[in-house]
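> What follows is a predicted protein model with its sequence.
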Amino acid sequence: MRVLVTGGAGYIGSHASLRLLEDGHEIISIDNLSRGHAQAEAVLAGIAGDRYTAVHCDLHETDRLTKLLLSHRVDVLMHFAALAEVGESVDHPLRYHYNNIAGTVSLLQAVDAAGTSRVVLSSSCSTYGEPEAGQIPISEDTPQNPISPYGDSKLQCERMLRDLAEAYRQADRPFSYVALRYFNVAGCDRQTRLGEDHRPETHLIPICLHTALGKRDKMAIFGTDYPTPDGTCIRDYVHVEDLADAHARAMGVLEPGDEQCYNVGIGKGFSVRECIESSKRVSGIDFQVDDAERRPGDPPELYADVSKIERDLGWKASITDIDETVESAWKWFKSHPDGWPED
Ligand code: UFG
């Protein structure tokens, strides 16, 4: 199939592109390179040759996007491009309204104009907000009450697709979409062709590994008094290659009229301390970790009920051992201590 991937130069978009290219699909990647890396595009172009096209284009360029969808006769849109930092979204909400919400409106206007009929959306478990204790593990039926502009922006994107699908149903136009609600995505391509490079880095496992590498003197645990067994927050860390597999499967089964959402996680949680211990074990390096205050907005415990995606798509995380996830990231960070080379 011909797949237009937005955010194809980013961490998840590039890994998903790699997987789809390996499956024989054709990728048209668009990225404005505000957070993505041209070097990731270069790697993918080197692997796939003329089955991969990278275009530097912004989500707000509706007409250009329409032309790309039409000229490449795109079968499926995969929409990864988004700002994705919860803390940043609280400090700079308009960035999230502009990029994630208005950007998706523009993209879907292009989809509408071009008649693209299948969409896979990167959504997030942050659309659930802070579920009550009885709602863990989180299923797709858990109420969506986001508590950050980031989580809210992803919920708005889901709603746009829902409304578009309803309008097309009335008009008898074929359309289908799936929203994949990611939990904490971690790890890197196990062949170290692609990796993770956020600037600034705020995610737990990369910060652990940067500290192991000595790029930071020490790191902090944000909160040690949570109502969890070791007092630190628990998250569901899904390997980025398994996440890419979920996209490949979701795309493969979309039939006209389908409207679906799936949680994508491993179905169990690891605490911050467990991730730190894993990072020390895998790297073989001890590093300084200080206890610190809670980070505002962190729910104590989030992990997924993944029975729906298992049942419908036959998808199940193949990597559930935190050391294996950390190991794949460690290989990347060790070989790319400064991330992707500057473009
Ligand atoms: N943490 C620390 N120290 C650090 C960094 C993180 O203790 O230096 C803690 C956080 O407080 C949190 C846990 O590690 O308890 C995980 O934090 P991350 O920042 O790695 O991930 P989040 O769970 O906050 O958010 C991530 C993505 C979001 C996504 C969300 C879904 O950044 O885009 O997962 O759960 F929505």
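Cool, the structure landed. Numbering: from 1, shown residues only.

> residues touching the closest residue to Asp258 other than its chain neighbours, list them.
Spatially, and ignoring its direct neighbours in sequence, Asp258 is nearest to Ser176 (4.0 Å; Cβ to Cβ, 6 or more residues apart in numbering). Quick note: C-beta positions are derived from backbone N, CA and C, even for glycine. For Ser176, the contact set (Cβ atoms under 8 Å, 6 or more residues apart in numbering) comprises Ser117, Arg118, Val119, Ala165, Leu254, Glu255, Pro256, Gly257, Asp258, Glu259.

> Make TSV from those and add pLDDT and distance to the ligand to it.
Below are these laid out as TSV (pLDDT from 0 to 100; distance: Cβ to the nearest ligand atom, whole Å):
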residue	pLDDT	distance to the ligand
Ser117	97	28
Arg118	98	24
Val119	98	20
Ala165	98	24
Leu254	94	24
Glu255	92	29
Pro256	92	30
Gly257	94	29
Asp258	96	24
Glu259	97	22
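
> Of those, which is the nearest to Tyr150?
Taking Cβ to Cβ as the measure, Tyr150 lies nearest Val119 of these, at 20.1 Å.

> Secondary structure element for the closest one, which one?
strand 118-124 (DSSP states H and E).

> What strands line up against that strand, and which way round?
strand 76-79 (parallel), strand 176-182 (parallel) (DSSP bridges).

> Determine how far the longest one lies from the middle of the whole chain.
What separates the centre of strand 176-182 from the centre of its chain is 11 Å, taken as Cα atoms, centre = their mean, to the nearest Å.

> Just after that strand, pick out the following helix or strand.
strand 184-186.

> next one: the first one
Going down the chain from strand 76-79, the next helix or strand is helix 86-91, by DSSP H and E.

> I'd like to know which elements that next one is packed against.
The helices and strands touching helix 86-91, judged by 3 or more Cβ pairs under 8 Å, 6 or more residues apart in numbering; DSSP states H and E, are helix 93-96, helix 149-170.

> Tell me which of these approaches Asn263 most closely.
helix 149-170 (12.9 Å).

> how about the residues of this protein that lie near the ligand?
The chain comes close to the ligand at residues 84, 86, 124-126, 183-184, 202-204, 207, 219-222, 233, 235, 272, 295, 298, 302, as judged by Cβ under 6 Å from any ligand atom.

> which residues sit against the strand or helix carrying Leu69?
Using DSSP H and E, Leu69 falls within helix 62-71. Residues from elsewhere that reach helix 62-71, judged by Cβ under 8 Å, 6+ apart: 4, 28, 30, 55, 57, 59, 74, 77, 106-107, 109-111, 113-114, 116.
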